[in-house]
Structures are given as structure tokens and as C-alpha cells.
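Engineer: Next come a sequence and a model predicted from it.
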Amino acid sequence: MKCALVTGGSRGIGKAICLQLAADSEYHILINYYKNKTAALETLQTIEKTGGKGSLLPFDVSNRESVVDALETFQNNNPEAVIEILVNNAGITKDGLFMWMKPEDWNSVINTNLNSFFNVTNHLIQNMLMNRYGRIINIVSLAGVKGNAGQVNYAAAKGAVVAATKSLAQEVGKRNITVNAVAPGFIKSEMTEDLDEKELKKMVPLNRFGNPEEVAHLVSFLTSKKASYITGEVININGGIYS
């Protein structure tokens, strides 16, 4: 059983990626979530309605013990399963001006957006190296490439994942493992629903926010064999706001 794991796969961009991978491939989709089981089940039901296969895999990406325990339990219960695709999508924001930022707002964002990359990828990369195949896609952000006032913590975490993407790609390329990052701009989701879309879209040459499905199509391509010569790249998908 070949599997694709999407962290934070129950809502928003993560959900769109789960649905697109299920539609475009034969992979068994592992939907990771932490608290919102209802949303995760809805995503799974949508996959199954369209003829795909999947299962829920709850764990806290920011907690290494939680990650390792969940992934080892899954592997023990499914000895024939091989996780070939990893999409590191889970993330949070705790926005605010840096001078007033509380340590807990810094640490929680770093843990969930950056340390999660280590926790999940480090555990799964061993088998990818042994199997000489893997696709790792890290969802970063416009903020991590361009910077964004009020998001120093978020930009620091995503920028670090950009650097990690480029470095890991160089380490594992000889084993036929590609590592790429996708950097969305303003995408319609729960994370952006409080933003002033009417005002902000004026900054975007395409004059609109993107849709989660547009990000999902790009991720699906990068997980496919069609993208086998693309690695170490950060691909912006932001309507031309920063290219």
C-alpha cells in the first residue's frame, strides 16, 4: 500500500491537497490532524465518495513523541504500507508586532511551523532512503520568502523551512528523493478570512486571492513522476505579488 501523508490535512489548503492527490493518483491518503476530527472525517468521506482511499492519522506535529508514536503505530498496524509522499502543510499564525511579541507566541509558531518539519520528515526519510524513492513538499509562505510586517515569527519559521528544503534536496537527491517548497500568497482559507480581501487584492497583479485548489494542483504535480527532475526549488504561487 503506497501512501501520501498530508499534515494539517483536514481543512483549507491541506484538505484541497488531500482531495487532489486522491483524484490524481492511486495513493492511500493519510490525513493528519490534531484537534478537529470532524473536519478530518469530512475530508476522508469526500475522498471515499469519489472513489479514493484514505485514513485518519492524528498527531501533534510540534511534539516529536506524538509524531513518532503515531507513525510507528501506523507502520506496525500496516506493515505493507510505504509512505512515499510527504506534504508538510500543518501551520499556525500568531501575528503581532515583534516588539510586543510574547515568548509563547514566538515558540508556538516556531514549534508548529519549523520543528514539525524536522519531527515528521526526519522520521520518514529513513525509509525513503532505503526504498530509493520519495517526494517531500513543504508548504511555506510568501512571508518566508519576502517577509511580512507583523509576522516575524511566522516568516522566521517559513524562511527556515525554505533553507532546509534547499539543503535536504542536496543530501537526498542521489536516492531519487525530491524536496521542494511551495510558497502561497493570499489564498482563501480560514487563515486569511480575517484579512481585508478587497484592499489586499490591489497588491496582487492578478487582482484576486488564490483558491486552495490552485495550490493543490501544483503540489500534486510536484509529487508526481512528471516532476522527477525538479528538486530544491521554491515555487511561488501568489498571483504575481512577488516573483
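Structural biologist: Arrived safely, thanks for sending. Residues are numbered from 1 along each chain as shown.

Engineer: only C-alpha atoms for contact and neighbour calcs from this point on.
Structural biologist: OK.

Engineer: What ranges does the chain have for its helices?
Structural biologist: With DSSP state H, the ranges of helices along the chain come out as 12-24, 37-49, 64-77, 103-110, 116-131, 142-146, 152-172, 197-200, 212-223.

Engineer: Please state the offset of the lowest-mean-pLDDT helix or strand in the chain from the chain centre?
Structural biologist: Each helix and strand of the chain was given a mean pLDDT (mean pLDDT, DSSP states H and E); the minimum falls on helix 197-200 at a mean of 75. Computed by CA atoms, centre = their mean, to the nearest Å, the separation of helix 197-200 from the middle of its chain amounts to 25 Å.

Engineer: And stretch 148-164, by the same measure?
Structural biologist: Its chain's C-alpha centre and that of stretch 148-164 lie 14 Å apart, by CA atoms, centre = their mean.

Engineer: quick revisit: to residue 231, which of the helices of the chain lies closest?
Structural biologist: Put simply, out of the helices of the chain the one that sits nearest residue 231 is helix 152-172, at 6.1 Å, with distance taken as CA to CA.

Engineer: packing partners for that closest one?
Structural biologist: Contact partners of helix 152-172 among helices and strands, from 3 or more CA pairs under 8 Å, 6 or more residues apart in numbering; DSSP states H and E: helix 103-110, helix 142-146, strand 177-184.

Engineer: Of all the ones you listed, which one is nearest residue 230?
Structural biologist: Nearest to residue 230 among the helices and strands packed on helix 152-172 is strand 177-184; the distance by CA to CA comes to 7.0 Å.

Engineer: how far off helix 12-24 does the closest one point, in degrees?
Structural biologist: Taking axes from the mean of the first three to the mean of the last three CA atoms, to 10 degrees, one finds strand 177-184 and helix 12-24 inclined to each other by 130 degrees.

Engineer: For strand 177-184, report the contacting residues that lie outside it.
Structural biologist: The contact list for strand 177-184 (CA atoms under 8 Å, 6 or more residues apart in numbering) reads 128-129, 132-142, 144-145, 162, 165-166, 168-169, 172, 215, 219, 222, 228, 230-238.

Engineer: before we move on, what about stretch 205-217?
Structural biologist: The contact list for stretch 205-217, computed with CA under 8 Å, 6+ apart, reads 12-13, 16-17, 20-21, 184-189, 197, 201-202, 237-241.

Engineer: repeat that with 7 Å
Structural biologist: 12, 13, 16, 17, 20, 186, 187, 188, 201, 239, 240, 241 (CA atoms under 7 Å, 6 or more residues apart in numbering).

Engineer: Quick check: the two most widely separated of those?
Structural biologist: When these are compared pair by pair using CA to CA, the two farthest from each other are 20 and 201, 25.8 Å apart.

Engineer: At the geometric centre of this protein, which residue do we find?
Structural biologist: Note on the chain: the residue nearest the mean C-alpha position is residue 89, at 1.8 Å, using CA atoms, centre = their mean.

Engineer: tell me the contacts of that residue?
Structural biologist: When the contact criterion is CA under 7 Å, 6+ apart, the partners of residue 89 are 6, 7, 8, 14, 138, 139.

Engineer: Excluding sequence neighbours, find me the nearest residue to the fourth one.
Structural biologist: Right, residue 14. Once its chain neighbours are removed from consideration, residue 14 has its nearest residue in residue 8; the separation is 5.7 Å (CA to CA, 6 or more residues apart in numbering).

Engineer: what are the phi and psi values for that neighbour?
Structural biologist: Main-chain torsions, residue 8, degrees, to the nearest 10: phi 60, psi 40.

Engineer: isn't it right up against residue 90?
Structural biologist: Yes - counting by CA atoms under 7 Å, residue 8 sits close enough to residue 90 to count as a contact (4.1 Å).

Engineer: ok, and what's touching stretch 159-170?
Structural biologist: Outside stretch 159-170, the residues that touch it by CA under 7 Å, 6+ apart are 114, 140, 144, 145, 178, 179, 180, 181, 231, 232, 233.
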